[in-house]
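Q: Next comes the sequence, and after it the predicted model I'd like to discuss.
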Amino acid sequence: MINWKNLNELSSYQELGKVKPLDLAEAMTGQKGADRVGKYTVDMAEGLTYNYAAKAVDDDILGALAKLAEEAQLAEKFEELYNGAVVNTGEKRLVLHQLTRGQLGNAVEADGTDKRSFYIEQQKRIADFANKVHAGEIANAKGEKFTTVVQIGIGGSDLGPRAMYLALENWAKKTGTFKMNAAFISNVDPDDASAVLGSIDVAHSLFILVSKSGTTLETLTNQAFVMDALKKEGLDPAKHMIAVTSETSPIAHSADFLDAFYMDDYIGGRYSSTSAVGGAVLSLAFGPEVFAAFLDGAAAEDKLSTEKDLLKNPAMLDALIGVYERNILGFPSTAILPYSQALSRFPAHLQQLDMESNGKSVNRFGEPIGYVTGPIIFGEPGTNGQHSFYQLLHQGTDIVPLQFVGFRKSQIQNDVDIQGSTSQQKLCANVAAQIVAFACGKENADLNKNFKGGRPSSIIIGDDLNPKTLGALLAHFENKVMFQGFVWNINSFDQEGVQLGKTLAKAVLAHETEGALTEYSKLLNI
Ligand SMILES: O=P(O)(O)OC[C@H]1O[C@H](O)[C@H](O)[C@@H](O)[C@@H]1O
């Protein structure tokens, strides 16, 4: 029997507030700190590890978090979700993104079909299509091979797939699996589409129109923009464009497209990288086998997330430590800091994943809640961030919990020894240094140079970033966000907060405004 209770109704939450907080600076100094690094670590899938030694937790706090996880029935709620319960209460929908990469529980039937079979069928259709494009069997009007793939989409139909493409582009080039260049058009700013169209060979480009709803104004505008450009080149848009959408959307089964691949309403945009939304572009760019390996990594991490023991479940643990930092310690934000250039857009993806999912003020029944929910998420790859905003992270008045990601090896494996160390060693040295600097600080009589420390961080470490580790990394964060939503008793799978702005923008374009909106319209010359 599942109890969907608000966080402040749970006795384990009240108990958690009474546990003595850890003095992180003290705990991370000397031999004690060294021991923590070996102790507070848990295996993720695909050889990754989640190390939380530099988080402000000890055995007592972790024990209290385990009780909270149990009382909040996190494992049971995940089980409900993957067995097909209507967990998206706002939209009255099932939540099935895990099913795109594996079968964790019972077969799930919806709309009269077995959903796992439906997702597999779409993957097979995409694989077949991609193989034909690579072989030149599907080609442009002159029978020439497509060399570039361009995704047109926004939000979840852009950020995840773009971050995943960038994460694997150099790996694919290095391993000989690279098939096609990919580019992305998302913003309705005409400079976005123009710049992309100006940088590619349009006659040899295949466009993927990606919109789950098929109604997103920006995406449909960019589709028309691209169709116009194709026509101006004397090309038939219907021979250069495929669609990824839900079967019920207005753009499904349209003659405007060479082919169409489907996802459905049970996969939220920000959770759609492992569906056809990511599958089409990644299979075309790197080949279906690479996409399949990415799915395997995600499936393996999902499996780990079913573990009931908190200390063996990295996503649940990461989620609970985040709740402790947000609700007990009162920290308002979290920074995502990958020490990997390939993950340059990963923080942007996590901004949507986390903030659109957990930026909520009512519970899953639509009732107000009396505690804070999702933190503000931001980030940049290291070491670039160090030379930008780390000043505030080290000495600012707010404490910002940090999520580092690092790999022992670079992707391209082209490196030079300069002054006794390689660039990769310098990169890794910096992340190690930052973790300890943030946690331990450094006293100085000159307060301007004093570091208080006590700034918590965790790190996910792997040997290298490849399709499997990337899949595991993505699923870790998806599951972390889901578990946090369960703790806060909110619905992490709808996004009503984006509607008002869309409605008002439509009113502006229709010149049906009043008051301040009319004045802003005039200021912007609309
Ligand atoms: O894929 P689409 O239906 O075009 O949606 C694209 C995006 O727009 C919406 O406004 C939502 O905020 C996002 O969750 C979604 O990913």
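A: Perfect, I can see it now.
Q: which parts of the stretch 151-300 of the chain sit against the ligand?
A: Neighbours of the ligand within the stretch 151-300 of the chain, by C-beta under 6 Å from any ligand atom: 154-157, 211-213, 216, 219, 269-270. Where you see a C-beta, it was placed from the backbone N, CA and C, and this is true even at glycine.
Q: rerun that using 8 Å as the cut-off
A: Near the ligand, the residues belonging to the stretch 151-300 of the chain are 153-158, 210-216, 218-219, 245, 249, 268-270, 272, 277 when assessed by C-beta under 8 Å from any ligand atom.
Q: Narrow those to those in strands?
A: 210, 245 (DSSP state E).
Q: buried subset of the residues of the stretch 151-300 of the chain next to the ligand?
A: When those are checked for burial by 16 or more other C-beta atoms under 10 Å, the buried set is 153-158, 210-212, 214, 216, 218-219, 245, 249, 268-270, 272, 277.
Q: What's the local residue count around the residue of the stretch 301-450 of the chain found nearest the ligand?
A: When scored by C-beta to the nearest ligand atom, the stretch 301-450 of the chain has residue 356 as its residue closest to the ligand, at 5.7 Å. Applying other C-beta atoms under 10 Å, we find 22 residues neighbouring residue 356.
Q: Residue 22 too?
A: Per other C-beta under 10 Å, the neighbour tally for residue 22 reads 17.
Q: Same question for residue 341.
A: Residues near residue 341, counting by other C-beta under 10 Å, number 17.
Q: Pull up the residues of the stretch 401-526 of the chain that are close to the ligand.
A: Checking the stretch 401-526 of the chain against the ligand by C-beta under 8 Å from any ligand atom, the hits are 495, 498-499, 502.
Q: Now, of these, which are buried?
A: Buried among these by 16+ other C-beta under 10 Å: residue 495.
Q: got the residues of the stretch 401-526 of the chain next to the ligand as JSON lines, with distance to residue 99, pLDDT and secondary structure columns?
A: Output for these, formatted as JSON lines (distance: C-beta to C-beta, whole Å; pLDDT from 0 to 100; DSSP: H, G, I helix; E, B strand; the rest coil):
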{"residue": "495", "distance to residue 99": "21", "pLDDT": "97", "secondary structure": "coil"}
{"residue": "498", "distance to residue 99": "25", "pLDDT": "95", "secondary structure": "helix"}
{"residue": "499", "distance to residue 99": "27", "pLDDT": "93", "secondary structure": "helix"}
{"residue": "502", "distance to residue 99": "29", "pLDDT": "93", "secondary structure": "helix"}
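Q: Could you identify the most distant pair in the residues of the stretch 401-526 of the chain next to the ligand?
A: Farthest-apart pair in these is 495 and 502; separation 10.9 Å (C-beta to C-beta).
Q: Would you check how far apart the residue lying farthest from the centre of the chain and residue 98 are?
A: In terms of distance from the mean C-alpha position of the chain, residue 445 ranks first, at 42.3 Å (C-alpha atoms, centre = their mean). To residue 98, residue 445 is 54 Å away according to C-beta to C-beta, to the nearest Å.
Q: So which residues of the stretch 201-350 of the chain form helices?
A: Under the criterion DSSP state H, counting those that start in this stretch, the stretch 201-350 of the chain contains helices at 217-232, 276-286, 288-304, 314-323, 346-358.
Q: now, of the ones you listed, which is deepest in the fold?
A: Counting by mean count of other C-beta atoms under 10 Å, helix 276-286 has the highest mean neighbour count of the helices of the stretch 201-350 of the chain, with a mean of 28.
Q: and it, what other elements does it pack with?
A: On a contact count with 3 or more C-beta pairs under 8 Å, 6 or more residues apart in numbering; DSSP states H and E, helix 276-286 meets helix 115-135, strand 148-152, helix 159-175, strand 181-185, strand 205-210, strand 241-246, strand 259-263, helix 288-304.
Q: Give me the average confidence score over the following helix or strand past the fourth one.
A: Next in sequence after strand 181-185, counting helices and strands by DSSP states H and E, comes helix 190-199. Average pLDDT, helix 190-199: 98.
Q: my guess is residue 430 contacts residue 386, does it?
A: Yes. Between residue 430 and residue 386 there is a contact under C-beta atoms under 8 Å: 6.7 Å.
Q: So for the two, which sits in the more crowded spot?
A: A direct count of neighbours by other C-beta under 10 Å for residue 430 and residue 386 places residue 386 higher, at 18 against 15.
Q: List the contacts of the closest residue to residue 207 other than its chain neighbours.
A: In space, and not counting its chain neighbours, residue 207 is closest to residue 241: 4.5 Å by C-beta to C-beta, 6 or more residues apart in numbering. Applying C-beta atoms under 8 Å, 6 or more residues apart in numbering, we find residue 241 in contact with 206-209, 223, 226-227, 256-258.
Q: Could you take those residues and lay them out as JSON lines, with extra columns for pLDDT?
A: Formatted as JSON lines, the contacts of residue 241 follow (pLDDT from 0 to 100):
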{"residue": "206", "pLDDT": "98"}
{"residue": "207", "pLDDT": "98"}
{"residue": "208", "pLDDT": "98"}
{"residue": "209", "pLDDT": "98"}
{"residue": "223", "pLDDT": "98"}
{"residue": "226", "pLDDT": "97"}
{"residue": "227", "pLDDT": "97"}
{"residue": "256", "pLDDT": "92"}
{"residue": "257", "pLDDT": "96"}
{"residue": "258", "pLDDT": "96"}
